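Undergrad: sequence first, then the predicted structure, then my questions.
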Amino acid sequence: MMSSSAPAPAAQGAPQHLRPLRRLTARGREEAHRVASPLELFFDLCFVVAIAQAGAELVHAVAEGHPGQGILNYAMIFFAIWWAWMNFTWFASAYDNDDALYRVVTLIQIAGVLVLAAGISRGFADHDYMGVWLGYVIMRVAMAAQWLRAARSAEGPERRMALRYAGGVLLCQVGWAGLVLLPQDARGWVYLVMVILEMCVPLYAEREHTTSWHPHHIAERFGLFTIIVLGETIAAATVAMKSALAEHDALAGLLPIAAGGLLIVFSAWWIYFVVPIHGHLRSNRQSFLWGYGHYLIFASAASIGAGLEVTVEQAVGSSHLSTVAASAAVTLPTALYLLTVWALHARHFKVGIAQQLVLPVAALLVICCTFLGHWAVPAAGLVCALAVATGTTLTARMAGRERSAKAAAGAA
């Protein structure tokens, strides 16, 4: 993909697009041919490292018989990863000028992601969040610097909005210090309060003026990150399968898990991208709900890969989990993914009760597959594939009826 740069006004001296430093001004929401830049793609790729670390620790916690604590730690750390990514994504959609300083600050944010990833293991094992917090400090201070730079080039309501963003980011970062300074018993409450405050910052900052984010660009960015998360799921499941085959002669038991996992991931991709969502993102109210809801989409998609690893370990006897518990590690995040994609994406384009019920019913059936023993994962994969086939068939039939009606009207 090629980067799309905002048109710059003409100036004396060197051409504006060749200057290493340019004013950080808002881009147009109606800008044509807006696509993800190479820097944004590199940014996403580096976030996969942190997601992979969190997924590996989740697998370890669940396989060792501590699913509750593992899921809680995973949810906390995944929020830090997702929120930092989302803040940058929406900012870049409105203010990316791709000059030298913008690139350097973005690379600093990437360095923060890697520091956070390095601290994930200690966060899971010892509840020591110093590394995670330090990486978050690097990312968020860099983000505040970007907002301050945007404020310098703005005036009026737009300037106040940028300053509110910068101030809110920095104040919340002070609050996150409670995860490393306060006693362990208080950290859960600190986390809950700070999550609420973080999510209120955009609502507060954009009361008077909204950022000029680009609907098509935002939809593409979220779609690309979904692909990356699903790719990480396939990679994690492949590594688990390879290790199991190298140590155990259990091919007959592993092939159904592999087939079911592939059907789940392929169906997850199909369901997310079956309709273009950018036309639905017309206001901040719609976009905030849609963007915040992607926490569940990304987290559940990444958890499917961890669940497949747990299932493989249970199948070869490396885990003491029951078959039902191991199956639930796959079926529950799969059902959550189906429901959240339906709520955020599909329901806006479904016509009639039959189309609307496809994904909710599929999610319920996937949960029921949990109790099918060693056939739980392949059965869940078949349910997901049937949901895709059913939805495609219903849509094709409706399109056929519409064409027939138009033809009849034209003949009349």
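TA: Sure, I can see it.
Undergrad: buried ones in the helix ranked longest in the chain?
TA: Longest helix in the chain by number of residues (criterion: DSSP state H): helix 376-411. Buried positions in helix 376-411, judged by neighbour count with 16 or more other Cβ atoms under 10 Å: 376-385, 387-388, 390-391, 394-395. (C-beta placed from N, C-alpha, C; glycine too.)
Undergrad: now for residue 236, how many residues are close by?
TA: Residue 236 is flanked by 24 other residues according to other Cβ atoms under 10 Å.
Undergrad: my read: it touches residue 52, true?
TA: Yes: contact criterion Cβ atoms under 8 Å: residue 236 and residue 52 qualify, at 7.2 Å.
Undergrad: check the gap between the residue nearest the centre of the chain and residue 190 for me.
TA: Here the mean C-alpha position of the chain is nearest to the C-alpha of residue 298 (Cα atoms, centre = their mean), at a distance of 3.4 Å. Applying Cβ to Cβ, to the nearest Å, the value for residue 298 to residue 190 is 23 Å.
Undergrad: cool, and residue 336?
TA: For residue 336, the distance to residue 190 equals 26 Å [Cβ to Cβ].
Undergrad: please identify which of these two sits among more neighbours.
TA: Neighbours per residue, other Cβ under 10 Å: of residue 336 and residue 190, the larger number sits with residue 336, 20 against 17.
Undergrad: what strand or helix carries the more buried one?
TA: Under the criterion of DSSP states H and E, residue 336 resides in helix 323-344.
Undergrad: alpha carbons only: can I get stretch 338-358 in PDB?
TA: Provided in PDB are the C-alpha atoms of stretch 338-358 (Å, rounded to 0.1, in the frame of the first residue of the first chain):
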ATOM      1  CA  LEU A 338     -19.400 -13.600  16.700                       C
ATOM      2  CA  LEU A 339     -21.700 -11.600  19.000                       C
ATOM      3  CA  THR A 340     -19.500  -8.500  19.000                       C
ATOM      4  CA  VAL A 341     -19.000  -8.500  15.200                       C
ATOM      5  CA  TRP A 342     -22.700  -8.800  14.800                       C
ATOM      6  CA  ALA A 343     -23.400  -6.000  17.200                       C
ATOM      7  CA  LEU A 344     -20.800  -3.600  15.700                       C
ATOM      8  CA  HIS A 345     -20.900  -4.600  12.000                       C
ATOM      9  CA  ALA A 346     -23.400  -7.100  10.700                       C
ATOM     10  CA  ARG A 347     -26.600  -5.900  12.300                       C
ATOM     11  CA  HIS A 348     -26.500  -2.600  10.400                       C
ATOM     12  CA  PHE A 349     -26.600  -4.400   7.100                       C
ATOM     13  CA  LYS A 350     -28.900  -7.300   7.800                       C
ATOM     14  CA  VAL A 351     -32.500  -7.200   6.500                       C
ATOM     15  CA  GLY A 352     -35.200  -9.400   8.100                       C
ATOM     16  CA  ILE A 353     -35.200 -11.500  11.300                       C
ATOM     17  CA  ALA A 354     -33.600 -14.500   9.500                       C
ATOM     18  CA  GLN A 355     -30.500 -12.600   8.600                       C
ATOM     19  CA  GLN A 356     -30.300 -10.900  12.000                       C
ATOM     20  CA  LEU A 357     -30.400 -14.200  13.800                       C
ATOM     21  CA  VAL A 358     -27.600 -16.000  12.000                       C
END
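Undergrad: beyond the helix holding residue 336, next helix or strand please.
TA: Remark: after helix 323-344, the chain's next helix or strand is helix 353-368, criterion DSSP H and E.
Undergrad: quick check: buried residues in that following helix?
TA: Of the residues in helix 353-368, those buried (16+ other Cβ under 10 Å) are 355, 358, 359, 360, 362, 363, 365, 366, 367.
Undergrad: stretch 25-36 too?
TA: Buried residues in stretch 25-36, defined by neighbour count with 16+ other Cβ under 10 Å: 25, 26, 27, 29, 34, 35, 36.
Undergrad: quick one: low-confidence ranges for the protein?
TA: Scanning the chain for pLDDT under 70 picks out the ranges 1-18, 240-241, 243-251, 278-280, 282-284, 399, 402, 404-405, 407-409, 411-412.
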